[in-house]
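Visitor: Build me a model from this:
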Amino acid sequence: MSSTIDPRRHRELAKLLAQLGFESSQLDQISPVGFNWLLVDRALVHPSFSSTYNNDQLEFVGDSVLRLSVSLFLQERYGDRSVGELAALRSHLVSDQTLAKIAGAYDLQKYVVVSNAARNDSQALRSLLADALEALMAALYIATQDLAYVRKWLDPQMQNFAETLLAIPALGNYKVALQELTQGVWKRLPEYRNLPTQDLPTGEADAMPFHVEVWFNDHCWGQGQGKSIKAAQQAAAAIALEEMQKFLAVTPQ
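Guide: Next comes the predicted model:
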């Protein structure tokens with residue numbers, strides 16, 4: 001691999017980093033030898049394209065850079081919350097799903113060098129973009145030795161996702177939210193009942209083979225289907241939680 005980057009590729013990378021809030025002139029002043037553009041280039045080369053020059057090791061380092069950045073962000077912005085709440089938030093914020101959305105916001109897919117087979121694999125795309133974003137974080141940190149070059153653009157994204165998550169009961173774990181509600185009001189837990197799916201249309205039963213009801217006080221508060229028991233229970237709990245909240249809003253306790 002050459003120690004220099006093709007001018008066209010350099011312009012592409014400069015455009016990407018400009019989206020993150022950095023100008024080439026600013027980056028090139030970081031050290032006497034200039035900014036390490038090769039690191040950024042390598043961060044965006046998927047292993048399917050090259051077995052020797054790829055982002056595997058940078059992605060490994062980037063995982064730690066990401067977790068540290070997010071942990072510091074949460075401690076600074078939500079330091080009044082329990083460690084358990086912060087850990088739950090962090091698990092959502094560092095997930096492939098969240099990272100892929102952030103990557104999409106910066107059009108990272110346009111800059112990732114990948115084999116045609118991998119690029120056309122829609123199921124693997126989310127993981128590919130998440131890995132590339134982590135590798136990019138590592139490249140920026142290694143090149144600058146300063147976490148600020150990651151947090152400058154990552155923190156605003158994490159703020160948006162964190163606020164959305166905090167607006168969801170129990171951070172999207174509706175079973176926990178429902179349990180907290182029934183225990184808090186009635187000191188008892190809801191009951192989940194698994195139901196047969198033979199009465200469902202064939203296609204629906206194949207796609208969502210598990211069917212669950214939530215019962216409380218001899219009343220079914222919600223039904224849910226899913227590809228797993230847990231998914232079906234979460235779907236049912238989400239409906240039951242909404243129905244119970246409506247009930248409590250008009251019924252004095």
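Visitor: Mean confidence (pLDDT) on stretch 39-51, please.
Guide: For stretch 39-51, the mean per-residue pLDDT is 95.
Visitor: Next, count neighbours for His46.
Guide: 22 (other C-beta atoms under 10 Å). Glycine gets a C-beta too; all of them are placed from N, C-alpha and C.
Visitor: and if you look at the one 4 residues further on?
Guide: Taking other C-beta under 10 Å as the criterion, the count of residues near Ser50 is 15.
Visitor: what are the ranges of the helices in the stretch 151-253 of the chain?
Guide: 174-186, 202-207, 229-250 (DSSP state H, counting those that start in this stretch).
Visitor: which parts of the first one are buried?
Guide: For helix 174-186, burial by neighbour count (16 or more other C-beta atoms under 10 Å) applies to 174-175, 177-179, 181-182.
Visitor: okay, the helices of the stretch 151-253 of the chain in CSV with distance to Arg90 and mean pLDDT next?
Guide: As requested, those are arranged in CSV below (distance: least, C-beta to C-beta, whole Å; pLDDT from 0 to 100):
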stretch, distance to Arg90, mean pLDDT
helix 174-186, 17, 89
helix 202-207, 32, 60
helix 229-250, 20, 91
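Visitor: Output those helices in CSV, with distance to Trp153 appended to each entry.
Guide: Below are the helices of the stretch 151-253 of the chain laid out as CSV (distance: least, C-beta to C-beta, whole Å):
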stretch, distance to Trp153
helix 174-186, 32
helix 202-207, 39
helix 229-250, 32
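Visitor: among those helices, which is nearest Arg42?
Guide: For these, the distance to Arg42 is smallest for helix 229-250, at 38.0 Å, taking C-beta to C-beta.
Visitor: for that closest one, the distance to its chain's centre please.
Guide: 24 Å (C-alpha atoms, centre = their mean, to the nearest Å).
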